[in-house]
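Engineer: Output the structure for:
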Amino acid sequence: MATSVLARRRPTGGAMPWTTSDAVAAGARPLPTGRALQVVQWCIAVYAVGSVALIATHRVGLTSEHAILLVLVGAGALPRLRGLVRDWLPFLFIAVMFEDLGAVQPLVAGAVHSSGPAAFERSIFGGVNVAPWLQEHLGGLLGPVWWQLPLVAEYLSHFVAPIAAGAWLWWRYRDRFGGFVAAYMLLMAAGFGVFLLFPEMPPWLAAQQGLIAPVGRVVVDSLQHLGAFGHLYAGADIFPNGAMPSLHVAVPMLIALTLIGARGSGRLRWLWLLYPLSMSFAVVDLGEHYVADAVVGLAFGALCWALVAWAMSPRTRGRPLPCAGAVQQPGSAAHPRRTPWPIPTPSSSRTWSAASARSKRSAASP
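Structural biologist: The predicted structure follows:
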């Protein structure tokens with residue numbers, strides 16, 4: 001009986017296999033990724049309106065990032081551009097928030113924690129700060145060594161990695177894209193908020209103040225060999241005291257967990273965890289963060305990923321109602337497994353035709 005029911009509902013044609021999960025997705029409720037992107041878009045719109053009000057009332061200068069944000073928010077009202085703007089606007093929005101961080105910081109941020117983080121690290125590691133110890137024993141104090149150049153490249157990839165990961169998800173795993181964008185925005189917004197509430201001096205700056213042993217800023221020294229880009233990079237940091245948590249570690253942790261979930265199964269997918277772990281070593285060895293900053297960054301990325309995953313889970317959103325014609329597989333009441341129909345072959349088509357003819361003759365007989 002079960003085989004005949006499945007056979008009657010088998011779709012015709014061999015272009016694209018129809019699945020039970022596709023049928024459920026075609027129901028009344030929108031896809032989870034679309035709902036997440038709608039929430040993100042509304043947050044961006046509210047932020048954009050607030051920025052305009054701040055600019056109008058306090059005569060704050062309009063930056064190029066704000067102008068592009070306002071143009072894109074307006075372009076999102078056009079039906080043909082709404083989907084594209086909704087998907088990729090959040091990445092520009094992060095740049096706008098970072099630009100605003102420098103303007104708001106003098107008004108909101110508290111006292112900079114300079115000696116406390118260094119003393120806390122010495123209490124854990126037997127009176128030693130890890131960054132100057134690594135550079136003294138492994139190199140980098142007087143300039144970058146050859147094996148630190150891959151770490152510098154990995155550190156600088158922080159600005160490109162979220163966009164690259166988002167593009168890959170958008171192309172291969174579209175249902176994961178919205179959750180990733182929502183988690184990325186939550187991570188960056190919460191991180192910027194911690195920067196304002198708990199400004200912390202990084203090791204390289206603490207060393208310049210004489211609070212810890214000498215630490216070389218390997219990233220800047222490495223970029224100096226590329227047409228004096230080091231001074232440009234150092235001057236572009238509008239908030240150098242934003243060391244806790246390390247977003248350079250939190251973002252790779254978020255990317256790794258998202259890609260592990262997208263891959264589904266297989267042991268090799270867990271190798272993605274090497275990305276945030278190697279970044280944790282890089283930020284400490286390059287003199288940019290304390291060990292505690294990296295550890296909190298790992299927890300920060302995992303927490304934001306878990307919060308969005310929980311918010312988009314079936315139990316949180318409610319059980320979706322399948323549309324008419326959706327076939328429920330045994331043991332999958334809420335979200336059936338993706339079990340595509342087999343692609344029709346000539347032999348299976350003949351079998352299907354013969355079964356249909358027999359069914360019609362039996363129905364016509366008295």
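Engineer: what residues are up against Trp305?
Structural biologist: Neighbouring residues of Trp305 by Cβ atoms under 8 Å, 6 or more residues apart in numbering: 183, 253-254, 257-258. The C-beta positions use only the backbone N, C-alpha and C, and glycine is treated the same way.
Engineer: Which members of those occur in helices, if any?
Structural biologist: With helices taken from DSSP state H, the overlap with the contacts of Trp305 comprises 183, 253-254, 257-258.
Engineer: Look at Gly140 and give its secondary structure.
Structural biologist: coil (DSSP: H, G, I helix; E, B strand; the rest coil).
Engineer: gap between it and Ser280?
Structural biologist: Going from Gly140 to Ser280 by Cβ to Cβ, to the nearest Å gives 16 Å.
Engineer: Neighbour count for these two, which is higher?
Structural biologist: Between Gly140 and Ser280, counted using other Cβ atoms under 10 Å, the more crowded position is Gly140 (25 against 22).
Engineer: Now that one: closest residue in space, sequence neighbours ignored.
Structural biologist: Using Cβ to Cβ, 6 or more residues apart in numbering and skipping residues adjacent in sequence, the residue nearest Gly140 is Val218, 4.9 Å away.
Engineer: what's stretch 115-135 in contact with?
Structural biologist: 140-141, 200-201, 203-204, 206-207, 211-216, 218, 243-244, 284-285, 287, 289-293.
Engineer: what does stretch 247-264 give?
Structural biologist: 155, 158, 161-162, 165, 169, 172-173, 176, 179-180, 183-184, 187-188, 191, 269-270, 272-273, 275-276, 279-280, 282-283, 288-289, 293-294, 297-298, 300-302, 304-305, 309.
Engineer: switch the cut-off to 7 Å
Structural biologist: By Cβ atoms under 7 Å, 6 or more residues apart in numbering, the residues outside stretch 247-264 that reach it are 155, 158, 161-162, 165, 169, 173, 176, 180, 183-184, 187-188, 191, 269-270, 272-273, 275-276, 279-280, 283, 294, 297-298, 300-302, 304-305.
Engineer: wouldn't the residue nearest to Gly140 be in contact with Pro150 here?
Structural biologist: No. In this structure, Val218 is not within contact of Pro150 by Cβ atoms under 7 Å, at 11.8 Å.
Engineer: Who has more neighbours out of those two?
Structural biologist: For Val218 and Pro150, the more surrounded residue by other Cβ under 10 Å is Val218, and the numbers stand at 26 against 11.
Engineer: buried ones in the helix or strand hosting Phe177?
Structural biologist: Here Phe177 is covered by helix 174-197, with elements defined by DSSP states H and E. Neighbour-count burial for helix 174-197, counted by 16 or more other Cβ atoms under 10 Å, picks out 176-188, 190-192, 194-196.
Engineer: With only the CA atoms kept, save it in PDB.
Structural biologist: Extracted as PDB, the C-alpha positions of helix 174-197 are listed here (Å, rounded to 0.1, in the frame of the first residue of the first chain):
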ATOM      1  CA  ARG A 174      21.500  29.300  -0.200                       C
ATOM      2  CA  ASP A 175      19.400  28.100   2.800                       C
ATOM      3  CA  ARG A 176      22.400  28.700   5.100                       C
ATOM      4  CA  PHE A 177      23.200  32.200   3.800                       C
ATOM      5  CA  GLY A 178      20.600  34.100   5.700                       C
ATOM      6  CA  GLY A 179      21.600  32.500   9.000                       C
ATOM      7  CA  PHE A 180      25.200  33.200   8.400                       C
ATOM      8  CA  VAL A 181      24.500  36.900   7.600                       C
ATOM      9  CA  ALA A 182      22.300  37.300  10.700                       C
ATOM     10  CA  ALA A 183      25.000  35.700  12.900                       C
ATOM     11  CA  TYR A 184      27.700  37.800  11.400                       C
ATOM     12  CA  MET A 185      25.800  41.000  12.000                       C
ATOM     13  CA  LEU A 186      25.000  40.000  15.600                       C
ATOM     14  CA  LEU A 187      28.700  39.100  16.200                       C
ATOM     15  CA  MET A 188      30.000  42.400  14.800                       C
ATOM     16  CA  ALA A 189      27.400  44.600  16.500                       C
ATOM     17  CA  ALA A 190      27.900  42.900  19.900                       C
ATOM     18  CA  GLY A 191      31.700  43.100  19.400                       C
ATOM     19  CA  PHE A 192      31.600  46.800  18.700                       C
ATOM     20  CA  GLY A 193      29.400  47.200  21.800                       C
ATOM     21  CA  VAL A 194      31.900  45.500  24.000                       C
ATOM     22  CA  PHE A 195      34.600  47.700  22.500                       C
ATOM     23  CA  LEU A 196      32.700  50.700  23.800                       C
ATOM     24  CA  LEU A 197      31.900  49.200  27.200                       C
END
